[in-house]
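S.K.: Based on what follows, work out the 3D shape:
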Amino acid sequence: MKIEIEQPISLHMEVFETDDHVPSMHVNAQIVVSQFQHTCRYNGAFWIECASWERFSDALRASSWQDAVLQDMSGYFTLALRKTDEAIRFVWEFTKTDIGDDRQMKVTFSSKIDGDTFGRIKSEVLDFPIWWRPHNP
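M.R.: Numbers count the residues shown, from 1 in each chain. Next up is the predicted model:
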């Protein structure tokens with residue numbers, strides 16, 4: 001079970017553990033953002049509640065969607081598609097602060113995307129197998 005997106009960033013997310021008690025999935029994510037002769041790489045693991053995934057995919061499936069947001073259970077990792085009158089924006093954010101509040105890290109990427117790119121991202125999300133609801137294809 002994985003998601004692979006190459007535009008506007010390289011994003012690979014793969015489920016490597018699941019929890020049926022609180023329907024959720026442990027995901028490993030690898031992201032590479034290249035821009036202006038600079039490269040930012042992220043490699044991390046986090047839990048996503050299955051209900052959050054469903055809200056994200058349901059928002060993309062809706063005919064009059066505005067925001068589709070996927071966030072991990074700790075609130076550190078956010079992936080969003082936001083629709084305005086002017087454009088569709090792809091947004092990725094990672095924000096983490098240590099327990100003592102001594103060290104903080106924040107990475108944000110935002111890009112306007114075209115209809116073809118949106119279609120490929122939407123297809124990846126909607127084709128993701130929903131294992132926690134066996135009655136769905």
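S.K.: List the contacts of the most centrally placed residue in the chain.
M.R.: Geometric centre of the chain, nearest residue: residue 79, 3.6 Å, by Cα atoms, centre = their mean. Applying Cβ atoms under 8 Å, 6 or more residues apart in numbering to residue 79 gives the contacts 11, 56, 69, 70, 71, 91, 92. Where C-beta positions appear, they are placed from N, C-alpha and C, glycine not excepted.
S.K.: Just the buried ones from those residues?
M.R.: For the contacts of residue 79, a neighbour count by 16 or more other Cβ atoms under 10 Å gives the buried set as 11, 56, 70, 71, 92.
S.K.: For residue 128, state which of those residues is nearest.
M.R.: Taking Cβ to Cβ as the measure, residue 56 is the one of the buried ones among the contacts of residue 79 closest to residue 128, at 9.7 Å.
S.K.: Doesn't the closest one belong to a strand?
M.R.: No: assigned with DSSP: H, G, I helix; E, B strand; the rest coil, residue 56 falls outside any strand and is helix.
S.K.: host element of the residue nearest to the centre of the chain?
M.R.: For residue 79, the host element (DSSP states H and E) is strand 77-83.
S.K.: can you pull the buried residues of that strand?
M.R.: For strand 77-83, using 16+ other Cβ under 10 Å, the buried residues are 77, 79, 80, 81.
S.K.: Mind exporting the C-alpha coordinates of that strand to PDB?
M.R.: Once non-C-alpha atoms are left out, strand 77-83 reads as follows in PDB (Å, rounded to 0.1, in the frame of the first residue of the first chain):
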ATOM      1  CA  PHE A  77       2.900  16.200   8.900                       C
ATOM      2  CA  THR A  78       0.300  17.900   6.700                       C
ATOM      3  CA  LEU A  79      -0.400  17.400   3.000                       C
ATOM      4  CA  ALA A  80      -3.100  19.600   1.500                       C
ATOM      5  CA  LEU A  81      -4.700  20.400  -1.800                       C
ATOM      6  CA  ARG A  82      -6.400  23.800  -1.700                       C
ATOM      7  CA  LYS A  83      -8.700  25.200  -4.400                       C
END
